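Engineer: Got a sequence here, can you build the structure:
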Amino acid sequence: MTNKLFVGSLAWSATDDDLKNFFSSAGTVVSAKVIVERETNRSKGYGFVEMSSEEEAKAAIDKLNGQELNGRQIVVSEARPQVAR
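Structural biologist: Got it, this is the predicted structure:
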């Protein structure tokens, strides 16, 4: 298991700070990033959160998967490595 998490089904209004504050209830957040489109700077509806340890990442999945953030039920899972295209 890694300490980087994928967060899906984000509300369009969700910000990096929203993610960081939401995930801080499960442990220490190293980084939180909502992915945006380059041209429009609009959220793509997903992001990544890095926790300080694998234990905290697992706790975040157990505690926060299916919870509501900014009015939407989010999906939290372990981030998979990016595949080369």
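Engineer: which residues in this structure form strands?
Structural biologist: Counting by DSSP state E, the chain has strands at residues 4-8, 29-36, 43-51, 68-69, 72-73, 75-78.
Engineer: D17: which of these is closest?
Structural biologist: Across the strands of the chain, D17 has its closest neighbour in strand 29-36 (7.7 Å, Cβ to Cβ). C-beta coordinates here come from the backbone N, C-alpha and C atoms, glycine included.
Engineer: Keeping just the C-alphas, turn the closest one into CSV.
Structural biologist: Extracted in CSV, the C-alpha atoms of strand 29-36 (Å, rounded to 0.1, in the frame of the first residue of the first chain):
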residue,chain,number,x,y,z
VAL,A,29,-1.9,15.5,5.0
VAL,A,30,1.3,16.0,3.1
SER,A,31,-0.3,17.3,-0.1
ALA,A,32,-3.8,17.7,-1.6
LYS,A,33,-4.4,18.5,-5.2
VAL,A,34,-7.6,18.8,-7.3
ILE,A,35,-6.8,18.1,-10.9
VAL,A,36,-7.9,20.9,-13.3
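Engineer: sorry, back to before: same list, the strands of the chain, but as JSON lines with mean pLDDT and mean neighbour count please.
Structural biologist: Output for those, formatted as JSON lines (pLDDT from 0 to 100; neighbours: other Cβ atoms under 10 Å):
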{"stretch": "strand 4-8", "mean pLDDT": "98", "mean neighbour count": "20"}
{"stretch": "strand 29-36", "mean pLDDT": "98", "mean neighbour count": "16"}
{"stretch": "strand 43-51", "mean pLDDT": "98", "mean neighbour count": "19"}
{"stretch": "strand 68-69", "mean pLDDT": "97", "mean neighbour count": "15"}
{"stretch": "strand 72-73", "mean pLDDT": "98", "mean neighbour count": "13"}
{"stretch": "strand 75-78", "mean pLDDT": "98", "mean neighbour count": "16"}
